[in-house]
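Asker: With the sequence up front, the predicted model follows.
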Amino acid sequence: MKKDLVRLIDLMLATNQLIRQGSKHRSKVTSVSAIGLRTLLFISHKKRATMTDVAGHLGVRPPTATSMINHLVKEKLVRRAAGSADRRIVLLAVTPKGMQEAQKVLQRVSHKFNIMFGGLSAKDTGQFINTLEKIILNMELFG
């Protein structure tokens, strides 16, 4: 098992290094941080997203989510609106500018992932996704 663990760590670090190197060779697509982009994508795909939803999705405390949302609002990428049934609930929506930013990043990331996963079958890709989901769940539960 120790040999497998060392190999796994090496592979994860090498993958991370290759992904980062690919990013350095291209001009910066957006000024939004990686967690900001995760937030934009989450809000854009979830109807009626709230601060609590964002905090839960990102695994951060609500004040941290509020701070991130404040930055995205300042950049005019996200807007807040009071809930119609309960005005204490703040609903979040991606602005047209936010959608453009998300689309730019998705195009770039899609290209990179097509290169990364180009040699894998659909079955292999599905198994990889399932494995990553299990790893994330384990990290959330026990990490």
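Answerer: Noted; the coordinates are in hand. Residues are numbered from 1 along each chain as shown.
Asker: contacts, neighbours, all on C-alpha from now
Answerer: Will do.
Asker: Let me see the mean pLDDT of stretch 124-134.
Answerer: Stretch 124-134 shows an average pLDDT of 91 in the prediction.
Asker: Residues touching that stretch, excluding its own?
Answerer: Counting contacts by C-alpha atoms under 8 Å, 6 or more residues apart in numbering, the residues outside stretch 124-134 that touch it are Phe117.
Asker: Now do it: distance to the chain's middle.
Answerer: 16 Å (C-alpha atoms, centre = their mean, to the nearest Å).
Asker: Please put the alpha-carbon coordinates of that stretch into CSV.
Answerer: What follows is stretch 124-134, C-alpha atoms only, in CSV (Å, rounded to 0.1, in the frame of the first residue of the first chain):
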residue,chain,number,x,y,z
ASP,A,124,-12.9,5.4,-18.2
THR,A,125,-14.0,9.1,-17.9
GLY,A,126,-17.1,8.1,-16.0
GLN,A,127,-15.1,5.9,-13.6
PHE,A,128,-12.7,8.8,-13.0
ILE,A,129,-15.5,11.2,-12.3
ASN,A,130,-17.1,8.7,-9.8
THR,A,131,-13.7,8.2,-8.1
LEU,A,132,-13.2,12.0,-7.7
GLU,A,133,-16.7,12.3,-6.3
LYS,A,134,-15.9,9.6,-3.7
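Asker: right, and the helix or strand after the worst-scoring helix or strand of the chain on mean pLDDT?
Answerer: Every helix and strand in the chain was compared by mean pLDDT, DSSP states H and E; the lowest is helix 2-24, with a mean of 78. Downstream of helix 2-24, the first helix or strand assigned by DSSP states H and E is helix 34-45.
Asker: Neighbouring strands - and their directions - for the following helix or strand past that next one?
Answerer: Next helix or strand after helix 34-45 toward the C-terminus (DSSP H and E): strand 49-50. Paired strands of strand 49-50, with direction, are strand 90-94 (antiparallel) (DSSP bridges).
Asker: Give me the distance from the following helix or strand past the strand it pairs with to the chain's centre.
Answerer: Using DSSP H and E, the next helix or strand after strand 90-94 towards the C-terminus is helix 96-117. Relative to its parent chain, helix 96-117 has a centroid offset of 11 Å by C-alpha atoms, centre = their mean.
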